[in-house]
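1. Here is the input, now give the coordinates:
(2 chains)
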Amino acid sequence: MFMPSNFDPSQIPLVPIVFWIMTLFTVGGAIGVVSSKKLFHSGLYLVLSFFGVAGYYVLLSAGFMAVVQLMVYVGAIAILILFAVMFSRRPMAAESQANRQWWLGLPLMLVLFVVLVVTVGSVAWPVSGAEPTADTVQQLGVAFLGSYLIPFEVVSVLLSVALIGAIILARGKVEGEETN
Amino acid sequence: MMTIPLSWWLTVAAALFSIGVYGALTRKNAIGILMSIELVLNAVNINLVAFWRYIAPHDISGQVFAIVVITVAAAEAVVGLALVLAVFRRRGSAIVEELDILKQ
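-> Next up, the predicted model:
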């Protein structure tokens, strides 16, 4: 294979390249979610977008967040949404998925984006050049069982409530039970 | 590692947030609205982790917040989809414009 003599693999700007690929996944997937005519395809684009966000977390050296993103979002939420799409009527029907106000939503979205970008650009962020310590997972565990114990327990109760609530809502009519 | 400025992350997250808001406002199907809300929550999580990495990398609070957001998002998706299924079973439709029973 042809290689230029001054080729140095360490000179490849790997991080920006990965960043732009993940941006393509994330933003392209998001555009697919909101513009796809078939609801099932929207769900598949959503998986792509979640995967791009997991790549972002790796780039931000938050490995545990990337694993959680893949397991919870790609593995659980996206599959749940795809199942719900399959339960609904005609999931592959190519019909317009936008309501009558979409022409109002488009300029609103653009104005919101411009306002956010101008705000981001006008703030002097106090960026510290420090590197994160290697044991972020251990830090997370200590934080969740130490200073963040109460939020941790509240979130656990919330998950239990959501579990029971979802079962009751989705169970449907049980034989011999009074319907209200 | 810090070759990407913080504002790039914030801009990408802003784009994801705006697209999600657009979808939540304009999708007809309730499941499509739920998908768009998940995009919005993901944008917030990117911001939280980026702030953790660039501004306070020794303080783990940013990741703690993001994990709590993910948990709440999971609970929201589960209850939301159960509601959509219950409504679909009763009304035969998940189109939010047709759910006007409280208006009658």
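2. pLDDT on stretch A:164-180, on average?
-> What stretch A:164-180 shows for mean pLDDT is 73.
3. Helix or strand: which one has the closest residue to B:Ala56 other than its chain neighbours?
-> Spatial nearest neighbour of B:Ala56, excluding adjacent residues (C-beta to C-beta, 6 or more residues apart in numbering or on different chains): B:Gly62 at 6.5 Å. (Glycine included, C-beta is placed from N, CA and C.) Using DSSP states H and E, B:Gly62 sits within helix B:61-91.
4. what comes up buried for the helix or strand of chain B with the lowest mean pLDDT?
-> Lowest on mean pLDDT, DSSP states H and E among the helices and strands of chain B sits helix B:61-91, with a mean of 90. Within helix B:61-91, the residues scored as buried using 16 or more other C-beta atoms under 10 Å in any protein chain shown are B:62-71, B:73-88.
5. what residues are up against A:Tyr148?
-> B:Ser61, B:Val64 (C-beta atoms under 8 Å, 6 or more residues apart in numbering or on different chains).
6. where's A:Glu95, which helix or strand?
-> Judged by DSSP H and E, A:Glu95 forms part of no helix or strand.
7. roughly how far apart are the closest residue to it other than its chain neighbours and B:Gly20?
-> The shortest distance from A:Glu95 to any residue other than its chain neighbours is 6.8 Å, reached at A:Lys37 (C-beta to C-beta, 6+ apart). A:Lys37 sits 19 Å away from B:Gly20, going by C-beta to C-beta, to the nearest Å.
8. go on, A:Val85?
-> 18 Å.
9. what's the nearest residue to the residue nearest the centre of chain A if we skip its chain neighbours?
-> With distances taken as C-alpha atoms, centre = their mean, the residue of chain A nearest its centroid is A:Phe50 (4.1 Å). By the measure of C-beta to C-beta, 6+ apart, the closest residue to A:Phe50 outside its immediate chain neighbours is A:Tyr73, 4.2 Å from it.
10. which residues touch the one you found?
-> A:Tyr73 neighbours (C-beta under 8 Å, 6+ apart): A:Phe50, A:Val53, A:Ala54, B:Glu38, B:Asn42, B:Ile70, B:Ala73.
11. Which parts of chain A are helices?
-> A:14-35, A:39-59, A:63-68, A:78-87, A:102-122, A:136-144, A:149-171 (DSSP state H).
12. looking at those, which is buried most?
-> Highest mean neighbour count of those: helix A:39-59, a mean of 22 (counted as mean count of other C-beta atoms under 10 Å in any protein chain shown).
13. Test my guess that the residue nearest to the centre of chain A contacts A:Ala78.
-> Yes - using C-beta atoms under 8 Å, A:Phe50 is in contact with A:Ala78, at 5.9 Å.
14. what about chain A, any weak spots by pLDDT?
-> A:1-7, A:9, A:89-94, A:173-180 (pLDDT under 70).
15. Could you report the separation of A:His41 from A:Pro107?
-> 25 Å.
16. Repeat that for B:Ala24.
-> Distance, B:Ala24 to A:Pro107, using C-beta to C-beta: 16 Å.
17. now B:Leu6
-> B:Leu6 is 28 Å from A:Pro107, by C-beta to C-beta.
18. how is chain A carved up into domains?
-> A:12-95, A:136-171 (automatic domain parsing).
19. and the first one, how far apart are its ends?
-> The reference is to domain A:12-95. Using C-alpha to C-alpha, to the nearest Å, one end of domain A:12-95 lies 45 Å from the other.
20. Find out how far it is from the centre of the chain, if you would.
-> Centre-to-centre, domain A:12-95 and its host chain are 6 Å apart (C-alpha atoms, centre = their mean, to the nearest Å).
21. again, but for stretch A:156-169
-> 22 Å.
22. what's the answer for stretch A:120-140, then?
-> 21 Å.
23. C-alpha coordinates for stretch A:158-165, PDB please?
-> Extracted in PDB, the C-alpha atoms of stretch A:158-165 (Å, rounded to 0.1, in the frame of the first residue of the first chain):
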ATOM      1  CA  LEU A 158     -39.200   6.700  41.900                       C
ATOM      2  CA  LEU A 159     -38.100   3.600  39.800                       C
ATOM      3  CA  SER A 160     -40.200   1.300  42.000                       C
ATOM      4  CA  VAL A 161     -43.300   3.600  41.600                       C
ATOM      5  CA  ALA A 162     -42.700   3.800  37.800                       C
ATOM      6  CA  LEU A 163     -42.500   0.000  37.600                       C
ATOM      7  CA  ILE A 164     -45.700  -0.600  39.600                       C
ATOM      8  CA  GLY A 165     -47.500   2.200  37.800                       C
END
